[in-house]
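Peer 1: Just to be clear, the model below is a prediction. Sequence and coordinates:
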Amino acid sequence: MFARCKISICCLLAFCGVLRAAEGDGSPDDVSHERVCRLETLLKAGRFQEFAEAAIPPATSDPQPAGLPRLQAEALLAMGRNREAETVALRQLLVAARSSAAPLDPGLLKLWLTARWRQARGPDEPALDPWLKEQVAAGAPAVAALRFWREALAGAAPYRLPGESRRSVLSMTAAKGSEAQTAVRRDPESLGLETITLDINGMRLPQVFVDTGAQHTLLTPAAAAAAGVEVGPDCVAMVGFSNFRARPAIVRQLRLGELVLDDVPVYVGESPALAQVAGQASLGIDLMYHVRFVMDYPRRQVIVEPAATASGSREPVAEPSPADWEIPLWTFSQTCLAQGRMPDGEFARTLIDTGNRQGTYLSSRWANRRLPDFQPLKTWFVQRYHLGKYSVGRWELGNLQLQNWPVRGILPAGLERLDVVDLLVGHDLLSHYRVEIDLPARRLILSEPALGF
């Protein structure tokens, strides 16, 4: 939850043009527009499988209709097909590079870079060099960040694991900030805050959070300065639970116990959420493609080990047992979402967020459709609208069914505006389990439930 980048998704539109296109009455541009609208409709409805099947291009060399490459790259990332997502995004970027009238699409550039990072590939691409130089001269922030990382890496691969890296067990400890220490006293329903210890460039940081709700790994400016982290000159907007600006940076060595990574791209910024709990860093899903985290909440331990990659170069974990609760994930560029399924067949785009210590929050749009007599308490001084009496009646998440799940409130305004999440759950669900976060395999595995849950 500590850091997210905004992704542009167009307005929800009806299927009014689809039948017309099927009958051959629309122009090619109309057909393309209608297809884009249909894909966005499927995505917003949480019908991820249908979205992916409709968006991913067939194996053909024919040009794709305009307006589709970003959605196609997003679908490929969500399916874990990172190399194909990179190819689709790069192809469209090169089309723009060949056209002097084509504007920069920062979203497509970010998708391309995300696909590269997930494969532990650097941002070097000679075919883009002339165009990128023009965009840097024009002052495009997304390109400036890319240029910083290219210069900082100097051709080296990011997220490199040296030979001595190995599995480690870390302790969960209570956060020590004044806000964190009083959180439970102020709010009896709070589940508390846990941190782990991280070494950055040899500097120990004891107030670090593992955050599946954050797209990027984030350091505070104070922590980055103390660790001698190289920071870029330009800022980009970070949007999520709170809005702030951050600068691209590179960590030369990141150490979690005996597990070490070299040349890790991160962001540095003053996150209000981190500041409230005196946090020094949060580890986002970008890192989780290279490090597998097992959050053992009952034993208050975090296990870290190299993650399995698509190439199979690292050892994958064993398949879950029938007794485990497996939750499939759709690994979109901005966040990893599960599908909550309702009895009537509708879906809830569900974010399972280890950075959320408070409880379940939901989108007011989704609540208006799903909860009878939905009337949230609206007061100017309440950051999140509290619902109190509401609950999600019966729904499925992975291979388990939940009943009368209590809802704490609606999403903060910044996250609500993105319209990418319907339900946000956190420690109210996870704290009873040993939670394996395996993003290359696109799943969470929950096991060993506490007695009485």
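Peer 2: Yep, that arrived. Numbers count the residues shown, from 1 in each chain.
Peer 1: For the stretch 251-400 of the chain, give me the ranges with low pLDDT.
Peer 2: Along the stretch 251-400 of the chain, segments meeting pLDDT under 70 span 309-323, 376-388.
Peer 1: now the strands for it?
Peer 2: 259-269, 281-283, 291-296, 301-306, 325-328, 330-331, 336-341, 347-352, 361-362, 391-397, 400-406 (DSSP state E, counting those that start in this stretch).
Peer 1: Which one of these lies nearest to R47?
Peer 2: strand 347-352 (6.2 Å; C-beta to C-beta). (C-beta placed from N, C-alpha, C; glycine too.)
Peer 1: Work out the sheet partners of that closest one and label each with its direction, please.
Peer 2: Using DSSP bridges, the strands paired with strand 347-352 in its sheet are strand 336-341 (antiparallel), strand 423-425 (parallel).
Peer 1: So which residues make contact with the longest one?
Peer 2: When contacts are defined by C-beta atoms under 8 Å, 6 or more residues apart in numbering, strand 336-341 is touched by residues 46, 48, 212, 285, 327-330, 347-352, 395-398, 420-423, 439, 442, 444.
Peer 1: that older thread, mind putting the strands of the stretch 251-400 of the chain in TSV, mean neighbour count included?
Peer 2: Listed next are these as TSV, based on neighbours: other C-beta atoms under 10 Å:
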stretch	mean neighbour count
strand 259-269	22
strand 281-283	28
strand 291-296	21
strand 301-306	20
strand 325-328	18
strand 330-331	23
strand 336-341	22
strand 347-352	24
strand 361-362	27
strand 391-397	17
strand 400-406	13
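Peer 1: Looking at these, which is nearest to L94?
Peer 2: strand 259-269 (23.1 Å).
Peer 1: Start and end of stretch 126-145, how far apart?
Peer 2: One end of stretch 126-145 sits 17 Å from the other (C-alpha to C-alpha, to the nearest Å).
Peer 1: pLDDT on it, on average?
Peer 2: Averaged across stretch 126-145, the pLDDT comes to 73.
Peer 1: do the same with stretch 72-91
Peer 2: 95.
Peer 1: Mind jotting down where the helices sit in the stretch 1-150 of the chain?
Peer 2: 18-22, 28-44, 48-55, 69-78, 82-98, 106-118, 129-137, 141-153 (DSSP state H, counting those that start in this stretch).
Peer 1: Looking at those helices, which is nearest to R252?
Peer 2: That would be helix 141-153 among the helices of the stretch 1-150 of the chain, by C-beta to C-beta, at 9.1 Å.
Peer 1: distance of the residue nearest to the spatial centre of the chain from D422?
Peer 2: Nearest residue to the geometric centre of the chain (C-alpha atoms, centre = their mean): T335, 2.4 Å. Using C-beta to C-beta, to the nearest Å, T335 is found at 12 Å from D422.
Peer 1: same thing with H33?
Peer 2: Distance from H33 to D422, by C-beta to C-beta: 26 Å.
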